[in-house]
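> Sequence first, predicted coordinates after that:
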Amino acid sequence: MADVSLQMSRASATEPPVHPRQDGRCGSRSDYRDILSDHIFDKLGPCPRNALIAMVDYGLNDEEIGGYYRMSPKTIAQLRGIFGIDAGN
């Protein structure tokens, strides 16, 4: 399975998660360009945060979500951390 790596250009591990859109609307690629590669949008669609929230709400874990999107569970966990999404379980 090919994996997609995150692009962490300016964010450090000690900085709080970045939430470009907290008003419930989907962000655009430009909202996330400093922290996500275009590959994330290619995999998760135009609203990656909303896509992950939905999958977690469906009760799926990182391994199941990763299988659906053909990404590693580690990458899914990293994205949840960036977007401030709890694992749900």
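Good, I have the coordinates. Residues are numbered from 1 along each chain as shown.

> Tell me how many other residues surround residue 62.
The local packing of residue 62 (other C-beta atoms under 10 Å) involves 23 other residues. All C-beta atoms are positioned from the backbone trio N, CA, C, and that covers glycine.

> wait, what's in contact with it?
Contacts of residue 62 were listed using C-beta atoms under 8 Å, 6 or more residues apart in numbering, and they are 73, 74, 76, 77, 80, 87.

> Work out for me the element the fourth one sits within.
Translated: residue 77. Taking DSSP states H and E as the criterion, residue 77 maps to helix 73-83.

> State the mean pLDDT of that helix.
Per-residue pLDDT values over helix 73-83 give a mean of 92.

> Name the residues of it that are buried.
When neighbours are counted by 16 or more other C-beta atoms under 10 Å, the buried residues of helix 73-83 are found to be 75, 76, 77, 78, 79, 80, 82, 83.

> In CSV: those residues, plus distance to residue 50.
Formatted as CSV, these follow (distance: C-beta to C-beta, whole Å):
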residue, distance to residue 50
75, 17
76, 15
77, 18
78, 17
79, 12
80, 13
82, 14
83, 9
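
> any idea which of these is closest to residue 63?
Minimum distance to residue 63 across those is 8.1 Å, recorded for residue 76 (C-beta to C-beta).

> Nearest residue to residue 43 in space, please, no chain neighbours.
Leaving aside its chain neighbours, residue 43 sits nearest to residue 69 (5.0 Å; criterion: C-beta to C-beta, 6 or more residues apart in numbering).
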